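Peer 1: need a 3D model of the sequence below.
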Amino acid sequence: MVDSASATAVAAVSLGHVRRGRFVRWVAPLLVTVAGAAAYANSFRGEFVFDDNCDIVENTAIRHLWPIQNLLIAGAEGQTGLHSRPVVVVSFAFNYAVVRLNPLCYHITNLAIHLLAALLLFGIVRRTLLLPALLERFGRAATWLALSVSLLWAVHPLQTEAVAYVVQRYESLMGLFYFLALYAAIRCGTSTKPDRWAMLTVAATLFALGSKEVAVSLPIVILLYDRAFLAGSFREAWRRRWGMYLGLLAAWMVFFAWQYQVLNRAWAGYRLPVTWYAYAGSEPGVILHYLQLSFWPGSLCLDYGWPVANRAVEIVPPLLAIVGLLGATVYGLFRRPAWGFLGGWFFLILAPTSSVLPINDLAVEHRMYLSLAAVIAMVVIGGDLLLGGVLRFLKVPTPRRAILHGTIGAVLIAAATVALGARTWLRNEDYRTGVSIWEDTVRQRPSNSRAHNNLSVGLVACGQVDKAVTHYQKALKLKPDDAEAHNNLGNVLARRGQIDEAIVQYQKALTIKPDYALAHDNLGIVLARRGQIKVAIAQYQKALTIKPDDALAHNSLGAALVACGQVDRGIAEYQKALEIKPDDVEAHDNLGNALMRRGQVDEAIAQYQRALEIKPDYAEAHDNLGAALAGRGQVIEAIAQYQKALEIKPDYAEAHYNLGNAMAGRGEFPGAIAQYQKAVEIKPDYAEAHHNLGSALASQGQFDEAIAHYRRALEIKPDYVEARVNLDKALAGRKTDRSPGSP
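Peer 2: Residues are numbered from 1 along each chain as shown. So this is what the prediction gives:
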């Protein structure tokens, strides 16, 4: 946020004259940087949310900078998310190379991109106002007006989705290169050495197109700018800079060839089940909402679930308003090119997402990232002209008028900056966690089923399972045919041990969407838990028929085959899972377990260690590595692994049990007894832990307690032969211990 000191500094800048121009040109960018950084400082505490998970956390392609084709080629090995945008994917890969999955670095990068874009906007506005066509009217105020536009744009809360929400770097990085291309085009038109600026224009355009598809409008925007401010006509623009325009045409051709390749791989951006004309009829209302948020950003929302407009009252009034604005833009382009350019900027950038091409979400705030600049520029420059006109109308004396004009303008901009920055700060708090952002979305859009579904996912991750079930049920009440919600509800019910109810939910998901591979996976998992291994295997095989590169299904099928005694086939499935997803820690751990069953201890240890390299806090891998080391006689090292597992997961009954075994093997019976007791406290039906606790107690002469635990083991597992034998020994030992003459 911007404090009162910053506001005073803005006022000082506004009063600058030509003699202080050089100083102001340095102070103004510094103010933009400080204000933007202050407004977004609290975004650094944010977690990964929503699509961050699929495009960053689960995207194994970004975990290696080489081979580069895995980052650049859509559909390459390991890719998830939108890979029609390779420039952003490479930026994620650089973040991962530096900090792995620490969100802080990703947030810092997002803010740096945004601030650089704001500085380029400052340069664009200032240089435009200093061009010959506008110099006489705006020359003295060029730096002040450029500062005002870039300052408000940098701190405006409508930008939070593109900055605080990490994955929307797609939008902000595209915006940075979009501004860079336009800035370079301006320099190309005013420099004595234009060639290098022309090459930069084309290169920046390619990078913008490689960041997000909406940059397709950039060559047209550059041409409109050239005609409005530099050349005076389209013909003259072509005559002066035909080489640059041929380069932009080539960039377009590269872009369309790339999109053809992506769309052939079934890129998922365009799959909304709505006709183009229904989408077109809905978008005028969306655009008016964007404009409302530009002036009053009070109710920002991550997921509007914007409904398709069906009634005339929903279509006609917004359509008439947008047609009017478009008409004014066309008129301006011919009669008032400077103002017309701002309208063209606004509509051309929104055209790919807010016209006739159906996209998943009808309304998304980050789409206004660039278009907002035109709105702010029009308000600031128009407001400055209006203020000057009012002061002249009031016949304020010239010397006093200049001071009053600057002071009033500075106060208004400073107040707006503080207010907008404060709102941005508050909005960043909503993006702090997956739960907080979806709670805010549900509060604003209670009828949005996807919001309830995604809130439930976050609640489950936080352990609030009962609350999650409630929201899944609300999601399904709003949208009964939501296969994903049925699947997710099944996951929660399975986690609560309600296996039958979970199966019903998975089956409903598959009735709605028979080719839902994940639901087949999950159904197989719960069937396996219920002991129906063969039926579970059939579900995994169906999932793999639908999605042959489903690492989860290969891993689960491997576990089922091993459970059936088909260890070799199980190992083959684990290996396939790891070919698809080399960083799958569960597959590494499971492969280690299968190798242990074959007696390949060294190979098993290597798999456990690999799992722990990927995920050092994987308690199960620590426990299994401990068991493998113990089997090789490295008991001290095994104990260290069990202890690490328990530091990570204190209620891990199996690790307590294994640690007890290791201590008992070293003769440390009091410690072993304590570990076994913890194991049975956590898992009362743990027959093996009861048995070994009985043996440890018997070794210490505590026969009554030992007998109780042997009997408990037999209640749980009546055919537990070893427990039966040791119970008889304990009974005999107690009898001997209590015979006449015993101490």
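
Peer 1: please pull up the helix or strand immediately following the worst-scoring helix or strand of the chain on mean pLDDT.
Peer 2: Every helix and strand in the chain was compared by mean pLDDT, DSSP states H and E; the lowest is helix 4-14, with a mean of 36. Later in the chain than helix 4-14, the nearest helix or strand by DSSP states H and E is helix 21-40.

Peer 1: so the closest residue to residue 484 other than its chain neighbours is in which element?
Peer 2: Once flanking residues are discounted, residue 484 sits nearest to residue 453: 6.4 Å by CB to CB, 6 or more residues apart in numbering. C-beta: built from backbone N, CA, C; applies to glycine. If you go by DSSP H and E, residue 453 is part of helix 449-461.

Peer 1: tell me what the following helix or strand past that helix is packed against?
Peer 2: Moving toward the C-terminus from helix 449-461, the next helix or strand (DSSP H and E) is helix 465-478. If contacts are counted by 3 or more CB pairs under 8 Å, 6 or more residues apart in numbering; DSSP states H and E, helix 465-478 sits against helix 449-461, helix 483-495.

Peer 1: in a markdown table: those, plus distance to residue 144.
Peer 2: Listed next are the helices and strands packed on helix 465-478 as a markdown table, based on distance: least, CB to CB, whole Å:
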| stretch | distance to residue 144 |
| --- | --- |
| helix 449-461 | 43 |
| helix 483-495 | 51 |
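
Peer 1: now those helices in TSV, with mean pLDDT and mean neighbour count?
Peer 2: Listed next are the helices and strands packed on helix 465-478 as TSV, based on pLDDT from 0 to 100; neighbours: other CB atoms under 10 Å:
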stretch	mean pLDDT	mean neighbour count
helix 449-461	93	23
helix 483-495	94	23
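
Peer 1: between those helices, which gets nearest to residue 191?
Peer 2: Residue 191 lies closest to helix 449-461 among these, at 49.4 Å (CB to CB).

Peer 1: quick one: the closest one to helix 483-495, angle?
Peer 2: Angle, helix 449-461 to helix 483-495, by axes from the mean of the first three to the mean of the last three CA atoms, to 10 degrees: 20 degrees.

Peer 1: and helix 449-461, how far out from the chain middle?
Peer 2: Helix 449-461 has its C-alpha centroid displaced from the chain centroid by 15 Å (CA atoms, centre = their mean, to the nearest Å).

Peer 1: check which helices and strands it sits against.
Peer 2: Packing partners of helix 449-461 (3+ CB pairs under 8 Å, 6+ apart): helix 434-444, helix 465-478, helix 483-495.

Peer 1: which residues touch that helix?
Peer 2: With contact meaning CB atoms under 8 Å, 6 or more residues apart in numbering, helix 449-461 is reached by 49-50, 303, 305, 433-435, 438-439, 441-442, 445, 465, 467-469, 471-472, 474-476, 478-479, 482, 484-485, 488-489, 491-492, 495.

Peer 1: one more: stretch 120-129?
Peer 2: Stretch 120-129 is contacted by residues 25, 28-29, 32, 134-135, 138-139, 141-143, 145-147, 149-150, 153, 176, 179-180, 182-183, 186-187, 190, 229, 373, 377 when judged by CB under 8 Å, 6+ apart.

Peer 1: one step back: filter the contacts of helix 449-461 to the buried ones?
Peer 2: Buried members of the contacts of helix 449-461, counted by 16 or more other CB atoms under 10 Å: 49-50, 303, 305, 433-435, 438-439, 441-442, 445, 468-469, 471-472, 474-476, 478-479, 482, 484-485, 488-489, 491-492.

Peer 1: can you count the residues close to the nearest residue to residue 117 once chain neighbours are set aside?
Peer 2: Counting by CB to CB, 6+ apart, residue 117 lies nearest to residue 176, which is 4.4 Å off, once chain neighbours are set aside. Applying other CB atoms under 10 Å, we find 25 residues neighbouring residue 176.

Peer 1: please, which helix or strand holds residue 176?
Peer 2: Using DSSP H and E, residue 176 sits within helix 169-190.

Peer 1: pull out the buried positions in that helix.
Peer 2: Neighbour counts using 16+ other CB under 10 Å place 169-189 of helix 169-190 among the buried residues.

Peer 1: just after the one helix or strand residue 655 maps to, pick out the following helix or strand.
Peer 2: Using DSSP H and E, residue 655 maps to helix 653-665. Along the chain past helix 653-665, the next helix or strand (assigned with DSSP H and E) turns out to be helix 669-682.

Peer 1: what lies in contact with that next one?
Peer 2: Against helix 669-682 from outside (CB under 8 Å, 6+ apart): 651-654, 656-657, 659-661, 663-664, 686, 689-690, 692-693, 696-697, 699-700, 709.

Peer 1: now that helix against helix 653-665, angle please.
Peer 2: Helix 669-682 and helix 653-665 are oriented at 160 degrees to each other (the same axes, to 10 degrees).

Peer 1: for helix 669-682, list the C-alpha coordinates in PDB.
Peer 2: C-alpha atoms of helix 669-682 as PDB (Å, rounded to 0.1, in the frame of the first residue of the first chain):
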ATOM      1  CA  PHE A 669      13.300 -54.200  26.100                       C
ATOM      2  CA  PRO A 670      12.000 -51.200  28.000                       C
ATOM      3  CA  GLY A 671      12.300 -49.100  24.900                       C
ATOM      4  CA  ALA A 672      10.800 -51.800  22.800                       C
ATOM      5  CA  ILE A 673       7.800 -52.100  25.200                       C
ATOM      6  CA  ALA A 674       7.200 -48.400  25.000                       C
ATOM      7  CA  GLN A 675       7.200 -48.500  21.200                       C
ATOM      8  CA  TYR A 676       4.800 -51.500  21.000                       C
ATOM      9  CA  GLN A 677       2.500 -49.800  23.500                       C
ATOM     10  CA  LYS A 678       2.300 -46.700  21.300                       C
ATOM     11  CA  ALA A 679       1.600 -48.900  18.300                       C
ATOM     12  CA  VAL A 680      -1.400 -50.600  19.900                       C
ATOM     13  CA  GLU A 681      -2.600 -47.200  21.300                       C
ATOM     14  CA  ILE A 682      -2.700 -45.800  17.800                       C
END
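
Peer 1: please consider this matter closed, and thank you.
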